[in-house]
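S.K.: Return a 3D structure for these sequence lines:
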Amino acid sequence: MGDSRVALLNHDNNNRRAFSRSQSHAHDELRGFRRWLKCMCVDQSNRRTACLSWLVFFVLTVVVPAVSHFVFACGGRGDDCDSLHSRPYDAVAQLSLSSVAALSFICLSEFVRKFGLRRFLFFDKLCDESETVRKGYTKQFNRSMKLLFIFVLPCFAAEGAYKIWWYTSGGTRIPFLGNTVVSNTVACALELCSWFYRTVVFFLVCILFRLICCLQILRLQDFAQVFVQVDSNVESVLKEHLRIRRHLRIISHRYRLFILWALVFITASQFASLFVTTRNADVNIYHTGELAVCSVSLLAGLLILLRSATKITHKAQAVTCLAAKWHVCATIDSFDHTADQAHATPVGCVADEHLFTVTSDGPSDQDDVGDEEDELDNTQFVPSYAYSTISFQKRQALVNYFENNRAGITIFGFMLDRSSLHTIFGIELSLVLWLLGKTIGIS
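M.R.: Numbers count the residues shown, from 1 in each chain. Presented below is the predicted three-dimensional model:
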């Protein structure tokens, strides 16, 4: 009775330690990220910051674009303006960016409110992962913010150059602050802040999705090591794969609405852009420069989503190939070992005659593949251990399970793999090339 009570207390203490490792606190790995969210007014950790976040969102996503289009835009006040400063496509650009930013902000707010930041980013699950996965995920997390600004800053520079030229060259002259120069400066700063905010919110959700997919890729690569271990068994392999499938299903369930509506909004935006540009014969970089920057930004974010989903699906399905290769190598080794015992041939002699070994690939072959091969998808033979191998029936059952239970990112049951995305990529690429041809003359 005493031993069982001590064991129960130890189990409770372990659970408390694991829970404390999973809790959010002020000095965890996400403290820098939380500070950045507060600076961007996206943090909703309490009621005060949530109200401030929604207020900033409403002002920069709705109020400023509406005032820019109906008040500041040349020709929007009933006055005359030259052909260079008219903005006939401003409505499409503003609606496209604001709709996608609203979708991103609402989804991000729901994610953080419902799951919390640590749980949403799967930091609470890292205590169950290997040291390799933890270090790799932390490295990817630290790299995510740099990647975010790599996408945002070039587009922001182009947008800033266009806005500064538009205001300084006489695009609007409303002295709502008593002085034209001060008024134009404030209006230009507000428009740039609005554009920067909307773009960052959209790219933030896309980059976080990529980060979560990188974690699952690291787990799959770590999972591939079970096929080269001596003490592997079917039960442990199956449990780990079921855990990975469950996490992929959770990611799909959380992001499916965002990916679907982002694809719908961005595709509709491209069609609207093509429609208004083809109807107007006067198309040049002064009129459609802002629309082109907006379209490139939206398409870049969409490509991040689709590429991340496709990559994790490809890696998850590569497990089937790896398991089948492991099964074949183990079967060959088992038959060779049986034949060796029947003919009383020394094992060392047979090992020299084996063609299917890990060292069958020469150094030159490994140098040629470059970075295209990893633990999941490679052309190397899997080492098999005849003395401790799993039975043929268990290996065959495991391979059949992998073949009939393909994992990956899904949208309402629709698998986002490479073959299913060919049509989407073709349509989106055709639209953006046609739009760029109308704006800057690419043929």
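S.K.: In which helix or strand does the closest residue to residue 40 other than its chain neighbours reside?
M.R.: Distance criterion Cβ to Cβ, 6 or more residues apart in numbering; nearest residue to residue 40, sequence neighbours excluded, is residue 200 at 6.4 Å. From N, CA and C alone the C-beta is placed, and that goes for glycine too. Here residue 200, judged by DSSP states H and E, is contained in helix 180-223.
S.K.: Show me what the helix or strand following that helix packs onto, helices and strands only.
M.R.: Using DSSP H and E, the helix or strand that follows helix 180-223 in sequence is helix 234-279. With contacts defined as 3 or more Cβ pairs under 8 Å, 6 or more residues apart in numbering; DSSP states H and E, the packing partners of helix 234-279 are helix 90-115, helix 180-223, helix 285-343, helix 392-404, strand 410-411, helix 418-440.
S.K.: Compare the ones you listed and report which one is nearest to residue 268.
M.R.: Nearest to residue 268 among the helices and strands packed on helix 234-279 is helix 90-115 (8.2 Å), distances taken as Cβ to Cβ.
S.K.: pLDDT of the closest one, averaged?
M.R.: If you average the pLDDT over helix 90-115, you get 91.
S.K.: now the helix or strand that comes right after it: how far from the chain's centre is it?
M.R.: Moving toward the C-terminus from helix 90-115, the next helix or strand (DSSP H and E) is helix 117-120. Centre-to-centre, helix 117-120 and its host chain are 15 Å apart (Cα atoms, centre = their mean, to the nearest Å).
S.K.: And whatever helix or strand comes next after helix 117-120, what does it pack against?
M.R.: With elements assigned by DSSP H and E, the helix or strand that comes after helix 117-120 is helix 131-168. Helix 131-168 is packed against helix 31-39, helix 180-223, helix 285-343, with contacts defined by 3+ Cβ pairs under 8 Å, 6+ apart.
S.K.: In TSV: the ones you listed, plus mean pLDDT and mean neighbour count.
M.R.: Conversion of the helices and strands packed on helix 131-168 to TSV gives the following (pLDDT from 0 to 100; neighbours: other Cβ atoms under 10 Å):
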stretch	mean pLDDT	mean neighbour count
helix 31-39	83	14
helix 180-223	89	21
helix 285-343	78	20
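S.K.: export those helices to TSV and tack on distance to residue 396?
M.R.: Converted to TSV, the helices and strands packed on helix 131-168 look like this (distance: least, Cβ to Cβ, whole Å):
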stretch	distance to residue 396
helix 31-39	46
helix 180-223	20
helix 285-343	7
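S.K.: Those helices: which one's closest to residue 72?
M.R.: So among the helices and strands packed on helix 131-168, helix 180-223 is nearest, using Cβ to Cβ, at 5.4 Å.
S.K.: ok and the closest one relative to helix 90-115, angle-wise?
M.R.: Note on geometry: by axes from the mean of the first three to the mean of the last three Cα atoms, to 10 degrees, helix 180-223 and helix 90-115 are set 50 degrees apart in direction.
S.K.: now the angle from helix 180-223 to helix 234-279?
M.R.: 150 degrees.
S.K.: Helix 180-223 packs against which elements?
M.R.: Looks like helix 180-223 contacts helix 64-67, helix 90-115, helix 131-168, helix 234-279, helix 285-343 (3+ Cβ pairs under 8 Å, 6+ apart).
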